[in-house]
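# coordinates only, sequence not included:
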Ligand SMILES: NC(=O)C1=CN([C@@H]2O[C@H](COP(=O)(O)OP(=O)(O)OC[C@H]3O[C@@H](n4cnc5c(N)ncnc54)[C@H](O)[C@@H]3O)[C@@H](O)[C@H]2O)C=CC1
Ligand SMILES: O=C(O)C1=NCCCC1
């Protein structure tokens, strides 16, 4: 009988490690700038009631992490018993296009998105990172708290959520975990959360503006992670006063038209900073990494997980269909 290799979320979780995920994500971002990645703007289907379906095909042409795949992501923000965001990646043989495995990618999506923010923070705000502020308390908020406190020496990580109880629950969980030396605190307002923050992450995808320019430190770095059809969580005035970077031009032209329409000129891709083809701002300024998420990050992660799974499980027959 034919069998399909499915690598489930539990197995993926066992194989994830922050240093490796950071390295793979940074290389994928660099590959985009070096034209070693193929990905079009993704397909985003509006399923009504704020539910979205994303289809993200891509190919990464890289000696170590070459990968061909397609991620399918559903985002149903009202889910309560299941995660709002769920994903799977179809991984194919880069040389033939033959199916190799289907890999659960809910954790992969969370980890690589936080790692992409860590990469952007490394290139745009690598020093004096004492206070991190996170807007939202869902899956992305949690993974960003864990990831950014792992890579940077924050003393305090603040969380704001529209439902304060949820923010309090998240910070209690992070403090109890004890893996990080920093203090996790919940805030009663966005303004108090972002005051004096050196790095900020927005993770709500909210249609309404949550973040105002006058509340921000003049050289704060913002990882803008929320994505929705009408995401306006950051006020236009913040964008106008900032140097804005993107992850890839194809996605930005398709999904960030509202920013182009108000005259925002993107400075370049994070991969361009990694390659050194552009430099970070020389003067003190607010920087924004406008993160959409890239198929080639997922392909690279899927390849990493597949290779580790095969190596660690002593899988002898790597074919998916037998
Ligand atoms: N840039 C990227 O690569 C990725 C972006 N995303 C985006 O990140 C965002 C968060 O994803 P998850 O954490 O998985 O979702 P989630 O549903 O677990 O968390 C969303 C959080 O935002 C808050 N929120 C939602 N609407 C709001 C509003 N109108 N005002 C204030 N707060 C609001 C919720 O209370 C919750 O705390 C989404 O917009 C999603 O599309 C997700 C994955 C990758
Ligand atoms: O890059 C991704 O994966 C996603 N980006 C936006 C929201 C859904 C998933």
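Nice, thanks for sending it over. Computed from a predicted model, the values in this text were never measured in an experiment. Numbers count the residues shown, from 1 in each chain. Ligands and ions are numbered 1, 2, ... in the order given.
# stretch 199-207 vs ligand 2: in contact?
No. Legend: contact between stretch 199-207 and ligand 2 by C-beta under 6 Å from any ligand atom is lacking; minimum distance shown is 7.7 Å. Glycine gets a C-beta too; all of them are placed from N, C-alpha and C.
# next, count neighbours for the closest residue to ligand 2 within the chain.
Going by C-beta to the nearest ligand atom, ligand 2 is nearest to residue 293 of the chain, at 1.9 Å. Around residue 293 there are 21 other residues, counting by other C-beta atoms under 10 Å.
# do the same with residue 176
9.
# can I assume it sits in a helix?
Yes. Note on residue 176: a helix contains this position according to DSSP: H, G, I helix; E, B strand; the rest coil.
# now residue 93: how far from residue 43?
23 Å (C-beta to C-beta, to the nearest Å).
# about what we covered before: mind checking the SS state of the residue of the chain closest to ligand 2?
coil.
# need the contact list for the closest residue to it other than its chain neighbours.
Counting by C-beta to C-beta, 6 or more residues apart in numbering, residue 293 lies nearest to residue 113, which is 5.9 Å off, once chain neighbours are set aside. By C-beta atoms under 8 Å, 6 or more residues apart in numbering, the contact list for residue 113 reads 140, 143, 225, 291, 293.
# helix, strand, or coil at residue 113?
What three-state DSSP gives for residue 113 is helix.
# chain center to stretch 235-248: distance?
Offset of stretch 235-248 from its chain centre (C-alpha atoms, centre = their mean, to the nearest Å): 17 Å.
# what about the residue most central in space within the chain, distance to residue 107?
The residue lying closest to the centre of the chain (C-alpha atoms, centre = their mean) is residue 113, at 1.7 Å. From residue 113 across to residue 107, the span is 11 Å (C-beta to C-beta).
# ditto for residue 202
For residue 202, the distance to residue 107 (C-beta to C-beta) stands at 21 Å.
# could you do residue 139 as well?
For residue 139 relative to residue 107 (C-beta to C-beta), the value is 9 Å.
# what about residue 4, how many residues nearby?
Residue 4, neighbours per other C-beta under 10 Å, totals 10.
# okay, now whatever residue of the stretch 51-200 of the chain ends up closest to ligand 1: neighbour count?
Nearest residue of the stretch 51-200 of the chain to ligand 1 (C-beta to the nearest ligand atom) works out as residue 138 at 1.9 Å. Counted by other C-beta under 10 Å, the residues lying close to residue 138 total 19.
# is it true that it touches residue 205?
No. Using C-beta atoms under 8 Å, residue 138 and residue 205 do not qualify as a contacting pair, with a distance of 9.5 Å.
# which one of the contacts of residue 113 is nearest residue 190?
The closest of the contacts of residue 113 to residue 190 turns out to be residue 225 (C-beta to C-beta; 15.4 Å).
# please report how far the residue nearest to residue 293 lies from residue 185.
23 Å.
# likewise for residue 257?
For residue 257 relative to residue 185 (C-beta to C-beta), the value is 37 Å.
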